[in-house]
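A.B. asks: Make a model of this:
(chains A, B, C and D, ligands or ions: 5)
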Amino acid sequence: MTATRQAETATPADEPRRRARTPRLGTTGIIYLALVGIVVLGALLVGLTGESLLTGNNVIDMLTRTSVLGFIAIGQTFVVLCRSLDLSVGYVAALSSLVGATTMDGDPDRLVPGIVAALLVAGGVGLVNGLVVTKLRVNPFIATLGMSLIIAGYLDTRYQGPAGAVPDSFEAFGYTRIGVVPLSTAVLAVVAVAAAVFLRRTRTGYAMYAVGGNDEVARLSGIRTDRTLIVAHVLSAAAAGVAGLLLAARFSTGVAAQIYSAGYELESIAAVVLGGTLLMGGRGGVAGTIAGVLILAVLDTVFRILEIDPFFRDVLRGVVIIVAVAVYARRQIDRRGNLARFGPGLRGPGAAEQSAAGPREVRS
Amino acid sequence: MSATTSPARPSARASSAGSSLLRLFGGGSATVFALLIVVLLAITVLNPSFAEPPSLMAFLRSAAPLVILAVGQYFVIVSGEFDLSVGSLVGAQVVIAAKLIDGEESRTYGVIALMFAFGLLVGLVNGLITTILRVPSFITTLGTLLILAGAVRLWTGGAPTGALSDSFRQWGRQGIDLPVLRQLPYALIVMVVLGIGAVLLMRAPFGRILMASGDNAEAAGFSGVRVWRTRTVAFVLSSTLATVAAILIGGFAGVTAQVGQGLEFTAITAVVLGGVVLGGGRGWVVAAMAGALTYQAIERLFTQLALPSTARPALQGLIIIAAVAYAARSGVRRPARPPLDVPTGDDPSGPAASPADPDDGRDGRAPGPGTSP
Amino acid sequence: MPEVNRTPLVAMTGVSKSFLGTEVLHSVDLDIHPGEVHALVGENGAGKSTLMKILAGVHPADSGTITLAGETVHLTTPLQAQAAGISTVFQEFNLLPERTVAENVFLGREPRRRGLVDAARMDRDTEALLADLGVGDISARTPVRALSVAQQQVVEIVKAMSHEARLISMDEPTAALAEHEVALLYRLVRTLQERGIAVLYVSHRLKEVFDLCDRITILKDGSLVDTVASADITPDDLVRRMVGRELGGYFPAKDPAVLPGPVRLAVRGGGNAQVDGIDLEVRAGEIVGLAGLQGSGRTELAQAVFGIAPFTRGEVLVDGAPVRPRSPRQAVRAGIALVTEDRKAQGLVLNQSVLANARLVLDAVLRRGGQERARSIPGILSSLELTARSGSREVRYLSGGNQQKVVLAKWLVTEPAVMVLDEPTRGIDVGAKRAVYDMMRDLSARGVAILMISSELPELIGMADRIVVLHDGVVSGTAPGGTDEETVMALATRTAPAGRAA
Amino acid sequence: ACSTDQPEGGGTSAGEEAVGGESPAEGEFFVRADYERQLAQRDIEPTGDAAEPWLQAIEPEMVDTSQYAMEGPATVCFSNASVSNPWRVTGFITMQQQVEVFQESGEIGEFRVSDAADDDNKQISDIQAFVRSGDCDAIIISPSTTATLTPAVEAACESGAPVIVFDRGVNTDCPVTFIHPIGGYAYGADGAEFLVENLEPGDTVLALRILPGVDVLENRWAAAQEIFADSELEVLGDEFTGGDAAQIKDLVTQYLQRGDVDGIWMDAGDGAVAAVEAFEDAGADYPVMVGEDELSFLRKWQETDMTAIAPVYSNFQWRTPIHAAVRILNGEEVPAEWVLPQEPITEDDLDEFLEANEGLPSLHYAKFGGEDLPGFPDAWVDRD
Ligand SMILES: Nc1ncnc2c1ncn2[C@@H]1O[C@H](COP(=O)(O)OP(=O)(O)OP(=O)(O)O)[C@@H](O)[C@H]1O
Ligand SMILES: Nc1ncnc2c1ncn2[C@@H]1O[C@H](COP(=O)(O)OP(=O)(O)OP(=O)(O)O)[C@@H](O)[C@H]1O
Ligand SMILES: O[C@@H]1[C@H](O)[C@H](O)CO[C@H]1O
Ligand SMILES: [Mg+2]
Ligand SMILES: [Mg+2]
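C.D. replies: Ligands and ions are numbered 1, 2, ... in the order given. Okay, here's the model as predicted:
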């Protein structure tokens, strides 16, 4: 039965290079490089129109555009790291905006209850997602898709339209700035740091990497894999809840369709993967995700300044996402291949075929 | 109910029939057929006229496109991948058809040929980016979803222009007039033909290497399967069938700006309802089709019950989750963990463990989609 | 045996376990004393790993009791077992390749300061543990992915030790190690012993058993045969009691009538990134063995011949015709077959039926005439004692041995000219092994050229007409059939094994 | 340096009565006062030249705009909710054509557009960006959702540049002018009343709606319900179709299987033809039909000469904001609430409108009112 060990190690790339850099940093590095690249490119294009990209106003614009997706994507990072995913984030955000706004109902004194209620409801949804996925063994794709339908049905039946109102004090969350930094972005930064610390410095965080990497190994090491996954889903939903509250602040009221049809679920997954987190789980992190979100925000701003047709925007977004991920994938592949004993690690044509086949990539 | 009780089957052909039978009565698939029957009965009870041939024909006509999409999605899923682009593709194809035909009968078949060419191209792109460039298909097809949706609107300046010809529309709209049925819809004929085709294909060598590629890409590769090629073919099949669906949908109802929206999720849901395992290597094409029919039937039932239309999605979501959860229970064992499936760790005695296979599922090296970086 | 009269650290009494109806352990008794190294031996499938997993809290026992230092314990989760001071090096690989050594060692028990994981301390402690065990060449911050097989094994042991364990079970810890690496393990075990930590040691390598262990418990088919002090038994007796038959009659004799025919497989100066200057000839009716330490490149050589990681230099001829397969397809077309060393990962599509597996190569490559060939499948299956009855069963339900037979069937239907078998008997039990040997004899009698890779020297010596030995990717010599293990080992380790791990 | 883009006085949405929308806080889409006002407005003769309906106004209350008067070509900024449906596509082309006219005449210099693709949050950012840039001499806004855009519009108002809002409203009267046809209640009533007149008591009506929660659309349905309520018509049901023809046709087919459907009411014409086809394919008699002034429907109507009406949500309103901007920047006064005429197309003027729109695409709107613009008809035909 040592076969398993064999195959496990059948792919260690050459150690010298390996030892040199810790891959996780490496990947994140690349992504921030990509970000810089896009900023530079954008600046050039904008420059051609005589404007400049990096004015205070445009920076504010970019940062503003990061916030909502930022929160959702951070949450999505947890589930994707655990080799799950959450398609219900947009719907949870809508739910939270309505719960928050209707609870506050314009009354400054009910600000806190409103926030708490919204986050509790959101977290509750996440809990259900997690339980359905772990205990009922429903594939997360279907579990969270089903949850989306349930929430949509509830919201559209319960509220015919926008409902509730937030007090000015809370509206500020969506509109105040500290210099060029919108308050919401500052909060996002704090949450991002907290999330990073959670992943890198708490046992549950470590457990998430383990569960995503190989839940069997995690289990044999005494990790409660179900619990970990449930926590990830709760965090994902809670983060979506925060996004919902931010939207309520921006809108000064709660809405359903306007939020859940904005396509946050797929956009957040795109951002997470753009951020270098493996869709297969086990590797990645919040730092990358933030970069992914920033990339999309920069694109948005550049598109706005260049007045790019909204339809062409979709085309470009699609292309950027595919190309970026293809580039990461390329690096993964280069990492593969055994330690060359003789001459350079020549890869025969057969190699392509072999590596087009299977599990080996999963771990690379 | 598990494969262990399978009767003896001397020849390959017979046995695949046997295992199909098993799949029907065991594990995931059982649920969908049961559910389908229940829902259809419920509708008939509420509205006996539903059982009358003309109504049934109408039901099947409008269900046909989803069934066909489900078949396409099945090929991709069973090979271990996803195709999120089909919804956009259907929309794009209808708009393309309207713009190019522009009401001219004479152009009809030329344009249809062109649509198939385009479908093929999209499938190739999805497949090659996924297999050669190793972009997870979830991302690849999400990208093509955006690109198609944007590009086609860009091309038509936002809203569809032109018009479809009658000879184009007949495929989704007309049928063969018959005494009892009043009319046998072409859509139904197309659906049945493609369905049979799919079943045969899955029994042919290609079907088996497709399954193998989704089950364990490495082992398949070591047996001489060109996994990248097989999966690419699956994507091509998917977008080709999406093209057929587009012809039927456009034919049935004509052009609007919204055609195809959200169909990708509906199709995937239908396939999973059919007990097909996301992640590949497991599932029966007939069950996938049944999944699509069930999905449609459930929507029928809701209109039948005159439920407030805002509330329907909620029930739909509940039913889907319940059905899939039930299938997961009755399922013989936990499937080798698919790309987006979940660790369901804590029960060694659970399905993970199978006789003479102590380490199955123990080593986390269960075949995932070979193409995830 | 000083320990014997002390109260045992762990005592298992009347432990039984069944999996889905079949009982694989029949009321087994086992007691281990502090500081004792206790061997657990038996054929494949005897139940060694299962017993170990019961101790590890992975599988709950169906019946029987376990006492730890006197009082009864219920080990239902790995966590409980670890808390009780029992930690395990599982037979299967159990590390996270993407995580660092430290992260793996402390997985699930990361040291914390004020609620947060103290990564620095974790690294320090890991380095300490490594140093403490005299392991110099592993850094706590290296991702496990980048370690060699041996180094990964060391990490597993360090991980097990880091639990303040009183008992450490090791399931075939040396199976993946080269000779020189085994020495390190010996040191580790001794260190543990000195600290009064008990070791339950499972190995197929009897030499280790006698070198390391105080007492030996023998399992056969899930039942306890006996527990003896290693001083009181000779290797031959031990084998006899494990196997229940003489090793002599173990390998089917070659039919003297079968004479080597023309050369069917020839490799001339074959080389790629992993192997070099390979010259090799296999004649019809000949079984050539391929020996070498783990990591010596046997699998790479096999994979090169089969076009998975093709030769980039030299040539490969089948029946005199130059082929140099660039892909498995081409290899299959050229009449080459490869039984891979990793059955589950590379040999089988586990969720498909036996028949689907058996005809996979036909479906993939040999579609023309596939139908005719397919007709031979039931015959082939039954010739391997796989009843055609099981044809529609999904392969994952078969025993390891039967799974291996399916792999063989898959290749037999292709009627290959050359058959390469990489560890064909790895992890399968006596009966299945026998079937594999018979099949090989039968094939070579029918003129197929066979190249057999195996880590079990007796097997190679018993089956092969010639044994080609690899060392670090080059052929270091050839030994005649029926040679002795020393000769082969000498060739395999001829030059001091270079630090591939480094 | 803590600054804010938040409008003074902040959120006004809660329960507050204001132009355009009604209080979303109640989540209710029926405000009797507005309903009755709109129904009345249908019979009021608008001021101005009937040949240029986009400049007409119903009971205008003019406001002075001299403070905004400026010289030379102005930079006009337009924040568009989206061009995600044919109605908006058609309107936006008309608007661009109108802009070109004023660019010729030198009154408008740069015309900046940002399209929010139906994302309310994005539209807020777009508006904020316009405000911050400080380049906009006038800001035109077509809000995506009445309630959600209110704070951003208020902020825009405070920026000092004149703000013009059209189509869907906002819950504040800070904009210089709010331009809209009579409105959703009138639209819904036109169709509903037609059904009541043309159907027998006891006849059945099926209501087809696009999606819930969009106020302009909800108002239409609210009015229809009001009218059906005190008629003898039986409403079989109201279904959401997403405006998808396939769904519409499938739903209608289902209803026909269960019995007669004598009339169809729709909250927007997208897909009306599919509904009609359902009757044809089921071999049922044509229903009394309520569509919209979308050409595909008008043409179908003419072919089949069924009994039908095409309520109109005047698409020509897309011209008006540009005119308003120019007037405001010239310091000329404009109506505070600029209510444009909104007349359904009946069989009497059906042919006339089809003639006028000869050769235009089927998803084009008859009352787009751009016939006199230089780009006509190519700009609307080729859509670029
Ligand atoms: N999880 C499981 N489910 C079903 N059967 C199992 C499981 N684990 C082990 N078995 C069966 O129990 C028997 C004993 O297996 P075990 O792994 O303990 O043998 P072993 O002595 O460790 O063999 P080896 O020397 O090959 O490791 C085998 O027949 C095996 O097929
Ligand atoms: N020291 C090492 N460092 C890195 N990789 C190694 C090392 N030793 C072996 N490997 C890898 O582990 C796998 C097993 O090695 P290889 O297949 O060459 O040995 P082998 O002779 O086939 O022995 P076995 O058949 O037991 O695997 C190969 O992929 C090899 O690259
Ligand atoms: O979508 C359009 C508009 O946006 C308008 O607000 C109402 O009519 C609908 O058709
Ligand atoms: Mg074992
Ligand atoms: Mg090997």
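
A.B. asks: so how far is A:Thr202 from the residue of chain C most remote from its centre?
C.D. replies: Centroid-distance maximum for chain C: C:Arg114 at 43.8 Å, with CA atoms, centre = their mean. From C:Arg114 across to A:Thr202, the span is 11 Å (CB to CB, to the nearest Å). To be clear about C-beta, it is placed using only N, CA and C from the backbone, and glycine gets the same treatment.

A.B. asks: Same question for B:Thr131.
C.D. replies: Going from B:Thr131 to A:Thr202 by CB to CB gives 38 Å.

A.B. asks: same deal with C:Ala291?
C.D. replies: 49 Å.

A.B. asks: more crowded one of those two?
C.D. replies: Shown here are C:Ala291 and A:Thr202; by other CB atoms under 10 Å in any protein chain shown, C:Ala291 has more neighbours (30 against 16).

A.B. asks: The host helix or strand of that one and ligand 5, any residue contact?
C.D. replies: Following DSSP states H and E, one finds C:Ala291 within strand C:287-292. No: counting by CB under 5 Å from the ion, no contacts exist between strand C:287-292 and ligand 5, the nearest distance being 8.8 Å.

A.B. asks: give the contact list for the residue nearest to D:Asp305 when sequence neighbours are not counted.
C.D. replies: Sequence neighbours aside, D:Glu347 is the residue nearest to D:Asp305 in space, at 7.6 Å (criterion: CB to CB, 6 or more residues apart in numbering or on different chains). When contacts are counted by CB atoms under 8 Å, 6 or more residues apart in numbering or on different chains, D:Glu347 touches D:Trp301, D:Asp305, D:Ala308.

A.B. asks: and which of those residues is nearest ligand 5?
C.D. replies: Of all the contacts of D:Glu347, D:Trp301 has the smallest distance to ligand 5: 77.4 Å, by CB to the ion.

A.B. asks: For the closest residue to that closest one other than its chain neighbours, name its beta-bridge partners.
C.D. replies: Among residues not flanking D:Trp301 along the chain, D:Ala308 sits closest, at 4.9 Å (CB to CB, 6+ apart). When assigned by DSSP bridges, D:Ala308 has beta-bridge partners D:Met289.

A.B. asks: Measure how buried residue 267 is and give me the count.
C.D. replies: This is for chain A. Other residues within reach of A:Glu267, judged by other CB under 10 Å, total 23.

A.B. asks: think we crossed wires, I meant chain C
C.D. replies: Counted with other CB under 10 Å, the neighbours of C:Val267 add up to 23.

A.B. asks: likewise B:Phe265?
C.D. replies: Residues within reach of B:Phe265, counting by other CB under 10 Å, total 18.

A.B. asks: Not counting its neighbours along the chain, what's nearest it?
C.D. replies: In space, and not counting its chain neighbours, B:Phe265 is closest to A:Leu145: 6.2 Å by CB to CB, 6+ apart.

A.B. asks: Mind giving me the packing neighbours of the one helix or strand B:Ile189 maps to?
C.D. replies: Per DSSP H and E: B:Ile189 is located in helix B:186-203. Counting contacts by 3 or more CB pairs under 8 Å, 6 or more residues apart in numbering or on different chains; DSSP states H and E, helix B:186-203 is packed against helix B:53-78, helix B:166-173, strand B:175-178, helix B:205-215, helix B:227-253, helix B:285-304.

A.B. asks: nearest to ligand 1, of the ones you listed?
C.D. replies: Evaluated with CB to the nearest ligand atom, the helices and strands packed on helix B:186-203 place helix B:205-215 nearest to ligand 1, the distance being 19.7 Å.

A.B. asks: Do that closest one and chain C come into contact?
C.D. replies: Yes: judged by CB under 8 Å from any CB of the partner chain, helix B:205-215 and chain C are in contact via B:Pro205, B:Phe206, B:Arg208, B:Ile209, B:Met211, B:Ala212, B:Asp215.

A.B. asks: Right, I'll call it a day here.
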